[in-house]
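# pasting the structure only:
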């Protein structure tokens, strides 16, 4: 039975290349594709806060596309919170290809204002760590089926190194 399912999936995947977009939207809707996309923070050192001439924050995301279609990340809206206090709103406007059945790393960095840096510094422990940061994202993807909007809340990073 597994061979038949695999063969059917392969045939369906090949068909998607040649069908018109209006038909693809009917048989493989964007809501189904959205369920097959996973956005997470990278597992090792997902967030870095560093002091340069101007302090900056860097975030590393992984986007896994389990769907049968290639995607293009059109934009990523990012909110960072410390104990439900919003600290930063950011937008990634670079387009990134997310091939079908693959994981892609996405990097975002933004400069911190003096007020943001001061607030982060107050939350930093003696060992230069912030215990908990929460990240919320809204991602917009393009596909053959249309535009896909995906919201992911409560991505978290613990013990974030903060060198401010």
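Yep, that arrived. What you see is a predicted model; the values in this text were computed from it and never measured.

# give me the low-pLDDT residue ranges for the protein?
Along the chain, segments meeting pLDDT under 70 span 1-10, 12, 15, 17-18.

# what residue is smack in the middle of it?
In the chain, the centroid-proximal residue (CA atoms, centre = their mean) is residue 39; its distance is 4.3 Å.

# show me where the protein has strands.
Assigned by DSSP state E, the strands in the chain fall at 37-41, 47-50, 56-65, 71-82, 85-92, 96-98, 102-111, 129-143, 146-163.

# so which of those strands comes closest to residue 21?
Set against residue 21 and scored by CB to CB, these come closest in strand 146-163, at 7.7 Å. Placement of C-beta: from N, CA and C, glycine included.

# may I have the strands that pair with that closest one, each with its orientation?
Here strand 146-163 has these sheet partners by DSSP bridges: strand 47-50 (parallel), strand 129-143 (antiparallel).

# any chance of those in JSON lines, plus distance to residue 60 and mean neighbour count?
As requested, the strands paired with strand 146-163 are arranged in JSON lines below (distance: least, CB to CB, whole Å; neighbours: other CB atoms under 10 Å):
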{"stretch": "strand 47-50", "distance to residue 60": "8", "mean neighbour count": "18"}
{"stretch": "strand 129-143", "distance to residue 60": "11", "mean neighbour count": "19"}
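
# between the ones you listed, which one is closest to residue 59.
When the strands paired with strand 146-163 are ranked by distance to residue 59, counting by CB to CB, first place goes to strand 47-50 at 5.4 Å.

# which residues sit against that closest one?
Strand 47-50 has contacts (CB atoms under 8 Å, 6 or more residues apart in numbering) with 41, 55-60, 112, 120, 130, 133, 135, 157, 160-164.

# same deal with stretch 90-108?
Among residues not part of stretch 90-108, those counted as contacts by CB under 8 Å, 6+ apart are 13, 37, 42, 58-80, 110, 141.

# restricted to buried residues, select those in ChimeraX.
This is the ChimeraX syntax for the buried subset of the contacts of stretch 90-108, where burial follows 16 or more other CB atoms under 10 Å:
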select :37,59,60,61,63,65,67,68,69,70,71,73,74,76,78,80,110,141
